[in-house]
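1. I'd like to go over a predicted model; first the sequence, then the structure.
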Amino acid sequence: MSVFALGIELDGEGFHPAAWRRAGHEPDQLLTARTLRERVAAAENAGFTFATFDDSILPPATGPAGRIDGPTRAAFVAPITSTIGLVPTVATTYAEPFHTTSQLATLDYASRGRAGWLATQDPAAARTWGRPAVTGPDALVTEQRDSVEVARRLWDSWEDDAVVRDYTTGRFLDRDKLHYADFVGQTFSVKGPSIVPRPPQGQIVVFAGDTTTDADVVLVNAELVQEVIDALDAARSASGALVVAEVEVVLDTPDVSASERLAALEADETAESRGRLRFSGSANDLVALLTQLAQHADGVRLHPAVLDEDLPVLARAVVPALLRAGIAHRPVPGSTLRSNLGLHRPSNRYAKDQH
């Protein structure tokens, strides 16, 4: 199945540090249920394939100094959405893999198979956790790789039919279909099995920003279009995973051009480069850029400068144009995030008929 997935980052007020000054609500409304619900509904109704929720145990560097953790936000909107994938960020550097695995499996049940996991590294959070610092690129890579590996083992630690629910005999589990993960890494070990049955997708969709992680989806950063194309091709060759381009967007609105909007934002606070491709212009020009990227990528994740200003333009003019052209496709109600990304449901590594 050939897909071009449309993702959007919904954390905070937007990627620009001055975005909170242009939000459509007072700053104290950012962390309310209403704001979260309205933004996710707008993204789902527009036809986005998935939404991500950035997270860290540390407060945001700019804007209102607070956030609700990503998995909690995703779980809150899970029962009130029906098609959009929900992908919270959970850093692997200090989070306990057993807890992360259970949390994400529960989200998959709550969303009926629409959960994802953006695995990141958060080395600055050591003092907050009260843990020894994980330093050095090799140590960080190893920690993330081990965390994803043990998560995959724990999701498979229950076979799909391990739950029996035979009320007449009082037998609810087939113990022979529960398995130990038996993982020993450099900094932690996990015996298992999980405390949550195998999630509806079998395996949660894992997103990562590098090819060293056993990810289903690799997010690709570069600042120029040709560099993005080259990086996409290289990431696909290196990992075999789906490749998704990261794009920051500043769009023309009905009253103000993108360049004027960006100049006003920059006058308040300068947005430092995060190494992503940044687009500034009209909805039509963004559609043309995404159409070009679709020849090389399996999708994009858009980072609006100001959610309350850019998301309405994306929903009204960008996503519908991509859907009409057949570049992207609206997620199918009742389907899983894996299927909407064109990924198969993996078999269980511990099931006897797989040996």
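-> Received it, and whenever you're ready, just let me know what you need. Remember, it's a predicted structure, so these values are computed and weren't measured experimentally.
2. how about residue 161, nearest residue that isn't a chain neighbour?
-> Beyond its immediate neighbours in the sequence, the residue positioned closest to residue 161 (C-beta to C-beta, 6 or more residues apart in numbering) is residue 177, lying 6.5 Å away. For the C-beta atoms, the positions are set from N, CA and C on the backbone; glycine is no exception.
3. over to residue 67?
-> In this structure, residue 67 finds its nearest non-sequential neighbour in residue 60, 6.2 Å apart by C-beta to C-beta, 6+ apart.
4. run a quick neighbour tally on the one you found.
-> A count of nearby residues for residue 60, using other C-beta atoms under 10 Å, gives 17.
5. could you do residue 174 as well?
-> Number of residues near residue 174 (other C-beta under 10 Å) recorded here: 14.
6. show me what contacts it?
-> Shown here is residue 174, whose contacts under the criterion C-beta atoms under 8 Å, 6 or more residues apart in numbering are 159, 161, 162, 163, 164.
7. what stretches of the stretch 51-200 of the chain score poorly on pLDDT?
-> Confidence mapping of the stretch 51-200 of the chain against pLDDT under 70 gives zero matching residues.
8. please enumerate the helices of it.
-> If you assign secondary structure with DSSP state H, counting those that start in this stretch, the helices in the stretch 51-200 of the chain sit at 70-77, 97-110, 126-129, 137-155.
9. related to what we said a few turns ago, give me the neighbour count for the residue nearest to residue 161.
-> Other residues lying near residue 177 total 20 when counted by other C-beta under 10 Å.
10. go on, residue 189?
-> Other residues near residue 189 come to 12 when the count uses other C-beta under 10 Å.
11. then residue 96?
-> For residue 96, the tally of surrounding residues (other C-beta under 10 Å) stands at 12.
12. same check on residue 97?
-> For residue 97, the count of nearby residues is 23 (other C-beta under 10 Å).
13. enumerate every residue touching it.
-> Residues in contact with residue 97, defined by C-beta under 8 Å, 6+ apart, are 146, 147, 150, 151, 154, 188, 190.
14. same thing but at 7 Å, please
-> Taking C-beta atoms under 7 Å, 6 or more residues apart in numbering, we find residue 97 in contact with 147, 150, 151, 188, 190.
15. now, which of those residues sits nearest residue 231?
-> Minimum distance to residue 231 across these is 24.3 Å, recorded for residue 147 (C-beta to C-beta).
16. what is the nearest of the contacts of residue 97 to residue 123?
-> Ranking those by separation from residue 123, with C-beta to C-beta as the measure, puts residue 147 on top at 13.7 Å.
17. and the gap between residue 246 and residue 333?
-> In this view, residue 246 and residue 333 are 28 Å apart by C-beta to C-beta, to the nearest Å.
18. compare those two (neighbour count), which wins?
-> Remark: of residue 246 and residue 333, residue 246 carries more neighbours, 22 against 7, as counted by other C-beta under 10 Å.
19. beta partners for that one?
-> Assessed by DSSP bridges, residue 246 has beta-bridge partners residue 301.
20. before we move on, what about the one 4 residues further on?
-> Here residue 250 shows beta-bridge partners residue 280, assigned using DSSP bridges.
21. neighbours of it, just the number please.
-> When neighbours are defined as other C-beta under 10 Å, residue 250 has 27 of them.
22. so how far is residue 328 from it?
-> To residue 328, residue 250 is 21 Å away according to C-beta to C-beta.
23. which ones are touching residue 187?
-> Each residue near residue 187 by C-beta under 7 Å, 6+ apart is listed here: residue 143.
24. from here on, call the first residue 25.
-> Sounds good: first residue 25 from here, last item residue 211.
25. angles on the backbone of it, please.
-> Backbone torsions for residue 211, taken as degrees, to the nearest 10, come to phi -120, psi -10.
26. and it, how far from residue 128?
-> Shown here: residue 211 relative to residue 128, a distance of 20 Å by C-beta to C-beta.
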